[in-house]
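S.K.: Sequence plus the predicted model coming up.
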Amino acid sequence: MARAQCRRWICRLGVLSALLAGFGSGCVLVPRSRLDEYQRLAETLRSENARLKDRILALQGQNRDYADRAVDDLRRSAAQDQAIERLEQSVQAYQEDRDRLHEAYQRLTASLGMRPSPTAAVREPTRRRGPRIEPQSSPEEDRPKEVTGVDDEENRPEPPHASDDRTDP
């Protein structure tokens with residue numbers, strides 16, 4: 001029995017040594033330049049992988065920034081929409097007030113028997129008819145007050161005509 005076990009161990013050891021010889025000769029079959037090329041390629045792939053991971057992190061940060069900006073823009077847009085709505089309501093209220101005042105003005109002018117004028121409020125106030133008395137420059141002067149006004153030209157006497165100078169026989 002001891003011999004049988006010994007033979008099994010020797011047989012196993014032989015198979016093991018054959019396997020090791022086969023694997024050892026397999027590495028010898030690949031040229032050294034090819035192994036160096038594979039090592040350079042592996043290093044290049046590792047560096048490219050690290051660069052891509054950095055790029056992913058940068059893009060994720062940029063994506064978060066864009067998402068935050070989109071939320072802020074949405075809030076600003078909603079606030080602007082509300083402001084526009086308030087301004088539209090204000091303009092509508094102003095227009096309704098203007099129309100109401102216009103109708104009241106028309107009723108007033110109709111009740112006073114006047115013809116409504118759309119530009120009456122824009123024109124200068126009308127001048128009073130009749131003479132206007134100007135204040136004196138100093139109260140100590142005893143000169144009479146001058147009478148001036150819009151109607152002064154109308155109240156002037158007409159100059160005598162040449163036909164008035166002649167006397168009729």
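M.R.: In hand now; what should we look at?

S.K.: drop to CA atoms for contacts and neighbour counts, all remaining ones
M.R.: Will do.

S.K.: Let me see the mean pLDDT of whichever helix or strand residue 70 is part of.
M.R.: Residue 70 belongs to helix 32-112 when assigned by DSSP states H and E. The average pLDDT within helix 32-112 is 96.

S.K.: and if you look at stretch 7-17?
M.R.: Mean pLDDT, stretch 7-17: 76.

S.K.: Can I get that stretch in CSV, CA atoms only?
M.R.: What follows is stretch 7-17, C-alpha atoms only, in CSV (Å, rounded to 0.1, in the frame of the first residue of the first chain):
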residue,chain,number,x,y,z
ARG,A,7,3.1,5.8,-7.1
ARG,A,8,0.0,8.0,-7.0
TRP,A,9,2.0,10.8,-5.6
ILE,A,10,4.7,10.4,-8.2
CYS,A,11,2.1,10.3,-10.9
ARG,A,12,0.4,13.4,-9.6
LEU,A,13,3.8,15.1,-9.3
GLY,A,14,4.6,14.2,-12.9
VAL,A,15,1.3,15.6,-14.2
LEU,A,16,1.8,18.7,-12.2
SER,A,17,5.4,19.2,-13.5
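
S.K.: Pull the residues that contact it.
M.R.: Among residues not part of stretch 7-17, none is counted as a contact by CA atoms under 8 Å, 6 or more residues apart in numbering.

S.K.: Look at residue 114 and give its secondary structure.
M.R.: Under DSSP: H, G, I helix; E, B strand; the rest coil, the three-state class of residue 114 is coil.

S.K.: contacting residues around it?
M.R.: Residues near residue 114 by CA under 8 Å, 6+ apart: none.

S.K.: For it, give its distance to residue 98.
M.R.: 21 Å (CA to CA, to the nearest Å).
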